[in-house]
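> no sequence for this one, just the structure:
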């Protein structure tokens, strides 16, 4: 029943043994402070309870849970960073509360049911190198009926973007290089710059329409097979006249308690597959957002640029299909398949996030 | 006599097929404009002459030479970027002047002697992934007696640096992480941050003394065996009281014509192995400098940080030995061995630039 630990898994775990990556994540105040706020705001669901922290890294979320009064926290990480987390726990005299388990959630043993699962599992574009599979495994192995999962849900968005400066910088640059016409480079320049997804920070001004929900994931019901292929049809109406340079992807996650079902979110998704207005938040759930209009995070946004821009008129429709699949080459790679039509022309763009 | 083309060579050549790296180099105005200035200032040595451009990349230096009136320019590059350079040459109607040769200088054939060799061969820390070996091969295969090599010389410098902000950012960060004492991470943090050389931009204010010349290379006489191991003893007197965090390395190259021997430079090197004052430049040779006090370039500086700072008093002596060798693991990697003594304590630091 347990998936085997592959060479790719080992390389992935090894990459998290380097402290720099943890420092970058911890320094992302939007990320770390939203998690801390979620823990502290729901302290009554954590105090006196048993918690699992999936992919604990340095152990910072486990310590926040201990500070919130957790009875016991199992801090699980397959990377060697777990050894360091254990030293931090000891140095802070928290060994009677936090039990660091160095191994995969598939392999470690926890001899009791748990009340709470907390995990910062999100990757670039939500699903790239994400640990959601491990959260699902932890849930199915240990979570009590009625237990809490933080974050409680995650939503992946996409929207068409215009980004003339970025395009010019990579492409038009070659038209005049110290007075030399290097336009012969243009097709290679486009390929080099735009073949792969690009993780970069854009702003709300780059976004041409309200976003489309590519995938809504409920932490309580999501299954591993649901993550193997994610497909979504989209239809955008450009809100302005502008060159369309590609699509941006981003996500948010919510920290709800299970008694408040996120129905309002699901309903709004179903208005033509697109969000017609800013999502209202009747439950005042805490949201960690990586949207272009929100403060930047270390996740930034993920851009899929076209090789050539499409000149959009106001109200022009762009519709199509996006499919995200695990790469067969390496299960941690993600294939992004885009088909889109605009002004009677159809396009296909294949991109691999490595 | 020809060295074989290894897998490492192939990977190296392949890495230069991506346009992004060429764009970064071309956009470095200090680099590109100094080369153009050198070509234009010595136009009388280039007009009507035969030139080889070693590692031509996009062909920009070859085109500058054509603009300066070269009779013929052989633009050699083993990377696939040569195919693109050829397209640029054709599009600019320069095919009768510039002959693009796609291959290693060891392998391509040029059926005449050449008057000028030009090459932008310098790597990080001057010698890392440098193409100087290819320049030497081109010189020994094709250069006429009395011919010109640009750059005519190169000098690698080192100096002790203080950089408290950088040290704190990587190390002291862990003392207080959102109120949590993660000092248990300190030794791993030091290892992760300072085990490897770091390419970054510092300023003149980080530098504690005049620099020491690690190696002076005369393009006309340098041999490949001379590059296999570079060793230099150094002795610095700190000009101020400050924490010493490590050593910075940088380089400059000169564009001299061979009738002006760079004797003044050599003499000043011999004052105790250190430069006592800013180098005078009696020949007014053009210099491309990557020093901390000069405008930044894409080479930045290369820093070797210590795991712990040394508290220096004013006039305190730091002396030792630096040895740069090709890695046996991969000939394009560089081992940096540092031995240094200060205040009766001796230290050794090994670092590999990968």
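Perfect, I can see it now. Quantities reported herein were computed from a predicted structural model and do not represent experimental measurements. Numbering: from 1, shown residues only, chains lettered A, B, ... in the order given.

> I'd assumed residue A:97 was in contact with residue A:46.
No. Taking Cβ atoms under 8 Å as the definition, residue A:46 is not a contact partner of residue A:97, at 11.6 Å. Just so you know, the C-beta spots here come from the backbone N, C-alpha and C atoms, and that holds for glycine as well.

> okay, these two: which has more neighbours?
Taking neighbours as other Cβ atoms under 10 Å in any protein chain shown, residue A:46 and residue A:97 compare with residue A:46 leading, 26 against 19.

> Quick one, grab the pLDDT at the more buried one.
Residue A:46 is assigned 98 on the pLDDT scale.

> Common neighbours of residue A:46 and residue A:97, please.
Between them, residue A:46 and residue A:97 share these contacting residues under Cβ atoms under 8 Å, 6 or more residues apart in numbering or on different chains: residue A:70.

> and chain A, which residues reach chain B?
With Cβ under 8 Å from any Cβ of the partner chain as the criterion, chain A meets chain B at residues A:18-20, A:23, A:26-27, A:32-33, A:36, A:58, A:60, A:63, A:84, A:87-88, A:90-92, A:170, A:173, A:177-178, A:180-185, A:188-189, A:192-193.

> For the buried ones among those, write the corresponding PyMOL selection.
Typed into PyMOL, the line below selects the buried ones among the residues of chain A next to chain B, using 16 or more other Cβ atoms under 10 Å in any protein chain shown:
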select buried, chain A and resi 18+19+23+26+32+36+58+60+63+84+87+88+92+170+173+177+180+182+183+184+185+188+189+192+193
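
> In helices, which of the residues of chain A next to chain B fall?
Using DSSP state H, the subset of the residues of chain A next to chain B located in helices is A:19-20, A:23, A:26-27, A:32-33, A:36, A:60, A:63, A:84, A:87-88, A:90-91, A:170, A:188-189, A:192-193.

> The residue nearest to residue A:340 when sequence neighbours are not counted: what secondary structure?
If the residues on either side of it in the chain are set aside, residue A:340 comes closest to residue A:320, at 3.3 Å by Cβ to Cβ, 6 or more residues apart in numbering or on different chains. Classification of residue A:320 by DSSP: H, G, I helix; E, B strand; the rest coil places it in strand.

> what about residue A:320, how many neighbours?
The local packing of residue A:320 (other Cβ under 10 Å) involves 19 other residues.

> and what of the one 10 residues further on?
Counted with other Cβ under 10 Å, the burial measure for residue A:330 works out to 15 neighbours.

> ok, now the one 10 residues further on?
The number of residues packed near residue A:340 is 22, by other Cβ under 10 Å.

> Check residue A:165 too.
Close neighbours of residue A:165, defined as other Cβ under 10 Å, add up to 11.

> Buried residues, the helix or strand containing it. List them.
Element membership for residue A:165, per DSSP states H and E: helix A:164-170. By 16+ other Cβ under 10 Å, the buried positions in helix A:164-170 come out as A:166, A:167, A:170.

> one step back: kindly state the beta-bridge partners for the residue nearest to residue A:340.
Beta-bridge pairing of residue A:320 under DSSP bridges involves residue A:234, residue A:340.

> you'd agree it is up against residue A:234?
Yes. Shown here, residue A:320 and residue A:234 form a contact pair, counting by Cβ under 8 Å, at 6.1 Å.

> Which neighbours do these two have in common?
With Cβ under 8 Å, 6+ apart as the test, residue A:320 and residue A:234 both reach residue A:340.

> Start from the N-terminal end of the stretch 251-354 of chain A and give the strands.
Remark: strands assigned in the stretch 251-354 of chain A by DSSP state E, counting those that start in this stretch are A:286-289, A:301-312, A:317-326, A:334-342, A:345-353.

> May I see those organised as CSV, with mean pLDDT added?
Formatted as CSV, those follow (pLDDT from 0 to 100):
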stretch, mean pLDDT
strand A:286-289, 97
strand A:301-312, 97
strand A:317-326, 96
strand A:334-342, 97
strand A:345-353, 95
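
> returning to that earlier point: need the contact list for the residue nearest to residue A:340.
Residue A:320 is in contact with A:233, A:234, A:338, A:339, A:340, A:341, counting by Cβ under 8 Å, 6+ apart.

> if I look at the last one, how far off is residue A:43?
In this case it means residue A:341. In this structure, residue A:341 and residue A:43 are 50 Å apart, going by Cβ to Cβ, to the nearest Å.

> The closest residue to residue A:122 other than its chain neighbours: neighbour count?
Excluding its sequence neighbours, the residue lying closest to residue A:122 (Cβ to Cβ, 6+ apart) is residue A:130, at 6.0 Å. As a burial measure, residue A:130 scores 21 neighbours (other Cβ under 10 Å).

> Now do the same contact list for residue A:130.
By Cβ under 8 Å, 6+ apart, the contact set of residue A:130 is A:121, A:122, A:123.

> Leaving out the residues flanking it, which one is nearest to whichever residue of the stretch 101-250 of chain A sits closest to chain B?
Across the stretch 101-250 of chain A, the shortest distance to chain B (Cβ to the nearest Cβ) belongs to residue A:184, at 3.7 Å. Spatially, and ignoring its direct neighbours in sequence, residue A:184 is nearest to residue B:87 (3.7 Å; Cβ to Cβ, 6+ apart).

> I figured that neighbour was touching residue A:181, is that so?
No. Counting by Cβ under 8 Å, residue B:87 does not reach residue A:181; the two are 11.2 Å apart.

> Quick check: neighbours shared by those two?
With Cβ under 8 Å, 6+ apart, residue B:87 and residue A:181 have no common neighbours.

> per-residue confidence for the residue in the stretch 1-150 of chain A positioned nearest to chain B?
Closest to chain B within the stretch 1-150 of chain A is residue A:87: 3.7 Å, counting by Cβ to the nearest Cβ. Looking at residue A:87, its pLDDT stands at 96.

> Would you confirm that it contacts residue B:184?
Yes. Judged on Cβ under 8 Å, residue A:87 makes contact with residue B:184 at a distance of 3.7 Å.

> contacting residues around stretch A:301-310?
Here stretch A:301-310 makes contact (Cβ under 8 Å, 6+ apart) with A:124-125, A:128, A:161-163, A:166-167, A:190-191, A:193-194, A:197-202, A:243-250, A:290-292, A:318, A:336, A:338, A:342-343, A:345, A:347, A:349, A:351, A:353.
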